[in-house]
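> Please find the sequence and the predicted model below.
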Amino acid sequence: MARESLPWLQAKLDRMRGLEPDPDPVLPPPDDPWNPDPAFVIALALMIGEALIANGASAEETAAGMMTTAESFGLQWCEPNVTMWVVSLSGRMPGDARPLVEQRVIRRRTTDFTALERTHRLVEEISERTVPAAEARERAIALSPSLNRAVPTGRAARWGLAAGHSGAVAASGSLVAGGDLRVIVPSFVAATLAGYLTNTLSALGVLPFYRFALAAMPAAVFAYLAELLGHGDISPAIIVGGVLSLLPTLTMVDAVQDALTGHYLTAYARLMDAALVFVAIVAGIGMVLVVATKNGQDLPLLSQTTTIDYFSWRFVGAAAFAVAIASRMRVPPRRWFAVMLLGTSGVMGYVVLRDMGYSRMLTTGVIAVGISLAGRLIARRTGDSALPLVIPAVTPLLPGSVLYRALSELAVRDSDHGVTHMVQAIALMVVLATGVSFGNEAAYFFRQFRRRWSGP
């Protein structure tokens, strides 16, 4: 039966796809703000869990936040369960034999490290018993993407967000790819158009695969136009800048982290999400490249670079790219300098190791581990999470040039080399994600080692 003949399905699709805010589970305020009833506690813990995973936290971090919240308000025998789209919690109060089980479905996610940092602080205050239950609930609602929908919806606001984030990311990413100052304007305009297009399609409920496929096309179209106008030397940089602005770095990192910590279902879901985005980018750019090839316009491959090439506009682009990614992920501005420092240091280390003859795979992994450890050391001094520092800092290492080479080869029917470079691009993203997660595991290992060494 066709979907058009099912009015009940059409009526619920908006809510199922996150276009409508979830109904707030209205609960009466607790009589004792410091000892609320079990139903209030479990609902609060689930809101905290949603705010964590929906804003970019790992499954393990989300489960720990839910457990901390529930146990701080008296719930015992807590067992949290986290998947990519559902958080659930079971527990019971002392002396009560009846277990409580509840869950929340997560229909809307974003990458907001400012909201994630505020959620961390809220959980910390809850664990210290310095915030009453009713206030904690109001703050949790404000941090949840599904319950708090205070997002600007006007055309001018959407255009401004797209120009300020996607445009800046793509323009700086095209410099990282080796372009000169000529690539800034076409990359910025193409990404701004793509950002506005995806925001509009998202508001209409179009599925992410189609949104990302369309978002990848403007960069390829502008590269094709540059080739027609006699500026084909900047075409690869324009496409790579558009690719770098779309690759799902955080999703890949979280997928690896969840797999390492045993949350295999969540890891698989994140991996499939990242894979769909990756395939959508390939499809969007690939279609334009095929059209260009059919019309006799073969876009050039990227030239081999030297150390001198990197210490020019590439180096400036890497610094700007890391900061632009941090801005789009809503990393607090006070942390942008540290992001820029880590990002540029990573590029310098990458260039040095490559000049020494090490492979791209090994170099990417080593630099990702170094950035992860350095970011954790910086975050330890401030007591904040290291993820908002590390994720933007490693983005200049994304395999945009390898992916462009793969797409170019596939467009001219060199399928063997194209598939080889496609697999290499995927492998580089996995290595990058694994290197980022290594810092967290290394910190945990040394903390456990020091605790046992200094213990009785």
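Thanks, I have the structure now.

> Confidence-wise, which helix or strand of the protein is lowest on average?
Of all helical and strand segments in the chain, the minimum by mean pLDDT, DSSP states H and E falls on helix 307-309, at a mean of 51.

> which of the residues in whatever helix or strand comes next after it are buried?
Later in the chain than helix 307-309, the nearest helix or strand by DSSP states H and E is helix 315-328. Of the residues in helix 315-328, 315, 317-328 count as buried by neighbour count, 16 or more other CB atoms under 10 Å. Placement of C-beta: from N, CA and C, glycine included.

> And the helices in the stretch 51-200 of the chain, which stretches?
Under the criterion DSSP state H, counting those that start in this stretch, helices of the stretch 51-200 of the chain are mapped to 59-72, 113-127, 133-143, 155-162, 168-176, 184-203.

> And the stretch 201-350 of the chain, by the same measure?
208-228, 235-244, 249-260, 264-294, 307-309, 315-328, 336-355.

> looking at the ones you listed, which is closest to N440?
Between N440 and these, the tightest spacing by CB to CB is seen for helix 249-260, at 6.9 Å.

> what angle do that closest one and helix 315-328 make?
70 degrees (axes from the mean of the first three to the mean of the last three CA atoms, to 10 degrees).

> Now do helix 249-260: everything it contacts.
With contact meaning CB atoms under 8 Å, 6 or more residues apart in numbering, helix 249-260 is reached by 56-60, 111, 264, 266-268, 270-271, 273-274, 277, 325, 329, 387, 391, 394-395, 398, 429-430, 432-434, 436-437, 440-441.

> Mind exporting the C-alpha coordinates of stretch 248-258 to PDB?
The C-alpha coordinates for stretch 248-258 follow below in PDB (Å, rounded to 0.1, in the frame of the first residue of the first chain):
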ATOM      1  CA  PRO A 248      31.200  12.900   9.900                       C
ATOM      2  CA  THR A 249      34.300  13.000  12.100                       C
ATOM      3  CA  LEU A 250      32.600  13.000  15.500                       C
ATOM      4  CA  THR A 251      30.300  10.100  14.400                       C
ATOM      5  CA  MET A 252      33.300   8.000  13.500                       C
ATOM      6  CA  VAL A 253      35.100   8.800  16.700                       C
ATOM      7  CA  ASP A 254      32.100   8.000  18.800                       C
ATOM      8  CA  ALA A 255      31.500   4.700  16.800                       C
ATOM      9  CA  VAL A 256      35.100   3.600  17.600                       C
ATOM     10  CA  GLN A 257      34.800   4.600  21.200                       C
ATOM     11  CA  ASP A 258      31.500   2.800  21.600                       C
END
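
> Check the offset of it from the chain's centre.
8 Å (CA atoms, centre = their mean, to the nearest Å).

> can you list the domain ranges for the protein.
Using automatic domain parsing, the domain ranges for the chain come out as 20-143, 155-446.

> Tabulate the ones you listed (JSON lines), appending distance to P7.
Formatted as JSON lines, the domains of the chain follow (distance: least, CB to CB, whole Å):
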{"stretch": "domain 20-143", "distance to P7": "17"}
{"stretch": "domain 155-446", "distance to P7": "16"}
